[in-house]
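**Q** Curious how this folds, go ahead:
(chains A and B, ligands or ions: 2)
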Amino acid sequence: MSRTALTGAQAGLVSCETCKLLTRPLHAEHVGHCPRCGATLEVRRVQSLQRTWALIIAAAICYIPANLLPVMVSNTFATSDAETIMGGVVFLYSSGSWPLALIVLVASVMVPLGKLLALAYLLVSVQRGMAVRHRERARLFRIVVFIGRWSMLDVFVATFTVALVQLQPLMSVLPGAGVLFFAAVVVLTMLAAESFDPRLIWDVANTANNMEKHDG
Amino acid sequence: MSEAPTALQPLIACQECDLLQRIPPLPVGGRARCARCGFALAARPTDPLELPLVLTLTALIVFVVANVMPLMDLSAVGRYASTTILGGARQMWLDDERITAMIVTFCAVIAPALYLLLMLTVLLAARRPPLPHWGGELLRWSLHMQPWAMYDVMLLGILVALIKIAELATVDPGVGMYAMGLLAVLLPAISVSFDAREVWKLVEWKHGDDCAAAAFGEENYAERGQ
Ligand SMILES: [Zn+2]
Ligand SMILES: [Zn+2]
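**A** Ligands and ions are numbered 1, 2, ... in the order given. I've put the predicted structure just below:
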């Protein structure tokens, strides 16, 4: 490859996000549909930045009740115990299973927060036209996509605890209001990661025309 | 890039950074990474259509077992309880957490079921090329379902639940849980052994008038088989 490296957009080519077919649309502003799979073609995901912002703001709002409200309420004939996510982590830690406590802490508290911060950072960096650290940011995005599903952990913990501990009136566990917000955070951040277009990270590199050459 | 002329190698744009590059013929088991961002552009699994088919069929059988058999049994002071995957979602629904119940059902049952069934249809249809256009449509949907099928996460969740409950009562993992463990391995195995590009090569092109198909002429850079 001796020619100068070009992106699809610079060459007037559009890559189908579904089947990866590369085509040359006649009208740059009306790219139409993929001739092979029929998916709507987009040079860049439509309104990627606005959509991602909207989704992470919604997720950030849900993150607060998700952590403050109880996810589970356990009732025995004498007592009633409401447990938040952090409460669950403390419980696991104090009952001796600190590896699990650590996993839940990472998956339920740090991963959602980290995802929100990482996506916000990527959005701001794209909007400000940041022209450095492309590789690091691309890697960050991949990590966000990869770990996203793992925060669903606590929703499953609550679901199966609630389903199993139904020995009324001896003891029973009820889901708390926090569980819904928590599930919402996970779904919203997963959708946010899906609507962010990682190619935007690199578009600045192209316009600034300061692309370093890499040997494959 | 020795024997084949560069122009015959398919030109593709990196999905993550849009850099145009040609993919040289890959050795079996090889993979190509984007020269700029390092994204895995293409891989060539040993057996991109047969092996995933076998895995998908196995996974469908295990899926039925995982949904029918109890996940775990609980006993405390002479009383017993057990739950299945759907039992978990049902209890959430009964406790008025309807949206959570729907999200759990989607991730635990609907998304994996759709993923496996669509995959099976596509892989079976791909045995007799050309694959009709709906094959591509199904493949697209099945790939969309993939990240939402969360058996790995669910397995860990059940493990945590087991340890929490073990403080209160005796719990034993059931057959359903082992089946779920198997699914947590089988589902990623399907996507690793499968090569969507192989299927797309077999799909009949959509030439409908509804496409701005006129837009694609001689100079399109499609990878048309060999
Ligand atoms: Zn396409
Ligand atoms: Zn790339």
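**Q** ok, and the closest non-adjacent residue to residue B:125?
**A** residue B:135 (4.8 Å; CB to CB, 6 or more residues apart in numbering or on different chains). In short, each C-beta sits where N, CA and C put it, glycine included.
**Q** Which helix or strand contains that neighbour?
**A** Assignment of secondary structure by DSSP states H and E places residue B:135 within helix B:133-145.
**Q** Which residues does that helix contact?
**A** Judged by CB atoms under 8 Å, 6 or more residues apart in numbering or on different chains, the contacts made with helix B:133-145 from elsewhere in the structure are A:18-19, A:36-39, B:111-112, B:114-115, B:118-119, B:121-122, B:125-126, B:196, B:199-200, B:202-206.
**Q** next one: stretch A:80-91
**A** A:66-75, A:101, A:104-105, A:108-109, A:154, A:157, A:176, A:178, A:182, B:164.
**Q** swap the cut-off to 6 Å and go again
**A** A:67, A:70, A:71, A:72, A:73, A:74, A:101, A:104, A:105, A:108, A:154 (CB atoms under 6 Å, 6 or more residues apart in numbering or on different chains).
**Q** out of the residues you listed, who's nearest chain B?
**A** Among the contacts of stretch A:80-91, residue A:104 lies closest to chain B (CB to the nearest CB), at 6.2 Å.
**Q** so where's chain A uncertain?
**A** A:1-4, A:205-216 (pLDDT under 70).
**Q** By residue count, which helix of it is the longest?
**A** Secondary structure of chain A per DSSP state H: the longest helix is helix A:48-68.
**Q** That helix near chain B anywhere?
**A** No. Helix A:48-68 does not reach chain B (CB under 6 Å from any CB of the partner chain); its nearest approach is 11.6 Å.
**Q** so who does the spatially most central residue of chain B touch?
**A** Nearest to the mean C-alpha position of chain B, by CA atoms, centre = their mean, lies residue B:146 at 3.8 Å. Residue B:146 makes contact with residue B:115, according to CB under 6 Å, 6+ apart.
**Q** picking up where we left off before, mark which of the contacts of stretch A:80-91 are buried, thanks.
**A** Buried residues within these, counting neighbours by 16 or more other CB atoms under 10 Å in any protein chain shown: A:67, A:70, A:71, A:72, A:73, A:74, A:101, A:104, A:105, A:108, A:154.
**Q** Same list as before, those that is, but in TSV and with distance to ligand 2 and secondary structure included.
**A** Formatted as TSV, these follow (distance: CB to the ion, whole Å; DSSP: H, G, I helix; E, B strand; the rest coil):
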residue	distance to ligand 2	secondary structure
A:67	36	helix
A:70	45	coil
A:71	40	coil
A:72	44	strand
A:73	48	strand
A:74	50	strand
A:101	39	helix
A:104	35	helix
A:105	34	helix
A:108	32	helix
A:154	34	helix
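**Q** Give me the neighbour count for the residue lying closest to residue A:49 once chain neighbours are set aside.
**A** The shortest distance from residue A:49 to any non-neighbouring residue, by CB to CB, 6+ apart, is to residue A:123 (6.0 Å). Number of residues near residue A:123 (other CB atoms under 10 Å in any protein chain shown) recorded here: 19.
**Q** A helix includes residue A:123, no?
**A** Yes. Under the criterion used here (DSSP: H, G, I helix; E, B strand; the rest coil), residue A:123 sits inside a helix.
**Q** hmm, back to that, averaged pLDDT, the helix holding residue B:135. What do you get?
**A** Here helix B:133-145 scores 87 as its mean pLDDT.
**Q** Which helix or strand lies directly C-terminal to it?
**A** Per DSSP H and E, helix B:133-145 leads on to helix B:151-165 as the next helix or strand towards the C-terminus.
**Q** Can you pull out the residues in contact with that following helix?
**A** By CB under 6 Å, 6+ apart, the list of residues contacting helix B:151-165 reads A:97, A:100, A:149-150, A:152-153, A:156-157, A:160-161, B:171, B:180-181, B:183-184.
**Q** avg pLDDT for it?
**A** Rounded mean pLDDT across helix B:151-165 is 88.
**Q** Alpha carbons of that helix, as CSV, please.
**A** Provided in CSV are the C-alpha atoms of helix B:151-165 (Å, rounded to 0.1, in the frame of the first residue of the first chain):
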residue,chain,number,x,y,z
TYR,B,151,-25.7,-16.2,30.1
ASP,B,152,-22.2,-15.4,31.3
VAL,B,153,-23.4,-12.5,33.3
MET,B,154,-26.5,-14.4,34.5
LEU,B,155,-24.3,-17.3,35.7
LEU,B,156,-22.2,-15.1,37.8
GLY,B,157,-25.4,-13.4,39.1
ILE,B,158,-26.8,-16.7,40.2
LEU,B,159,-23.5,-17.6,41.9
VAL,B,160,-23.6,-14.4,43.9
ALA,B,161,-27.3,-15.1,44.8
LEU,B,162,-26.4,-18.6,45.9
ILE,B,163,-23.7,-17.4,48.2
LYS,B,164,-26.0,-14.8,49.7
ILE,B,165,-28.8,-17.2,50.3
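**Q** That helix: what's the following helix or strand?
**A** In N-to-C order, the element after helix B:151-165 by DSSP H and E is strand B:170-173.
**Q** Could you list every helix and strand in contact with that next one?
**A** strand B:72-76 (3 or more CB pairs under 6 Å, 6 or more residues apart in numbering or on different chains; DSSP states H and E).
**Q** could you redo the last one with a cut-off of 8 Å?
**A** Under the contact criterion of 3 or more CB pairs under 8 Å, 6 or more residues apart in numbering or on different chains; DSSP states H and E, strand B:170-173 touches strand B:72-76, helix B:151-165.
**Q** okay, the angle between the helix or strand following it and helix B:151-165?
**A** Using DSSP H and E, the next helix or strand after strand B:170-173 towards the C-terminus is helix B:175-193. Counting by axes from the mean of the first three to the mean of the last three CA atoms, to 10 degrees, helix B:175-193 lies at 150 degrees to helix B:151-165.
**Q** okay, now the domains of chain A?
**A** A:1-43, A:47-215 (automatic domain parsing).
**Q** Give me the distance between the nearest residue to residue A:71 once chain neighbours are set aside and residue A:62.
**A** Nearest non-adjacent residue to residue A:71, counting by CB to CB, 6+ apart: residue A:178, 4.4 Å away. Computed as CB to CB, to the nearest Å, the residue A:178 to residue A:62 distance reads 10 Å.
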